[in-house]
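Student: all I have is the shape, not the residue letters:
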């Protein structure tokens, strides 16, 4: 299904960093500065490694999504 899961909004409201699979409507609600998305599941390990190593940017994105 190509929709934005309500959990996406709930996690943003809690101030959580999110790495989500790309949905066609995602950019109607969140920018690239608020949430990280992927199209290919094979990219996930690299993205996880990158974002685990960048706590300040994760926190900045989570705060931006919350706002």
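Tutor: Okay, I see it. Everything quoted here is computed from the prediction, not taken from an experiment.

Student: when you work out contacts or count neighbours from here on, use the C-alpha atoms and nothing else.
Tutor: OK.

Student: okay, buried residues for whichever strand or helix holds residue 8 please.
Tutor: Element membership for residue 8, per DSSP states H and E: helix 6-13. Within helix 6-13, the residues that qualify as buried are 8-9, 12, counting by 16 or more other CA atoms under 10 Å.

Student: repeat that for stretch 25-44.
Tutor: Using 16+ other CA under 10 Å as the test for burial, stretch 25-44 gives 26, 30, 34-37, 44.

Student: can you tell me the SS state at residue 64?
Tutor: In the three-state summary, residue 64 is assigned as helix, counting by DSSP: H, G, I helix; E, B strand; the rest coil.

Student: distance check, it against residue 7.
Tutor: Distance of residue 64 to residue 7, computed by CA to CA, to the nearest Å: 17 Å.

Student: ok, which stretches of the chain are strands?
Tutor: Ranges of strands within the chain are 19-21, 36-38, based on DSSP state E.

Student: just checking, what packs against the helix holding residue 8?
Tutor: Helix 6-13 sits against helix 55-66, with contacts defined as 3 or more CA pairs under 8 Å, 6 or more residues apart in numbering; DSSP states H and E.

Student: model confidence for residue 1, exactly?
Tutor: Residue 1 carries a pLDDT value of 73.

Student: how much space separates it from residue 38?
Tutor: 16 Å.

Student: repeat for residue 13
Tutor: Distance check for residue 13 against residue 38: by CA to CA, it reads 21 Å.

Student: for residue 1, see how far away the residue nearest to residue 57 when sequence neighbours are not counted is.
Tutor: Once flanking residues are discounted, residue 57 sits nearest to residue 51: 7.9 Å by CA to CA, 6 or more residues apart in numbering. Between residue 51 and residue 1 the computed distance is 26 Å (CA to CA).

Student: give me the more crowded residue out of the two.
Tutor: Neighbours were counted for residue 51 and for residue 1 using other CA atoms under 10 Å; residue 51 has more, 16 against 5.
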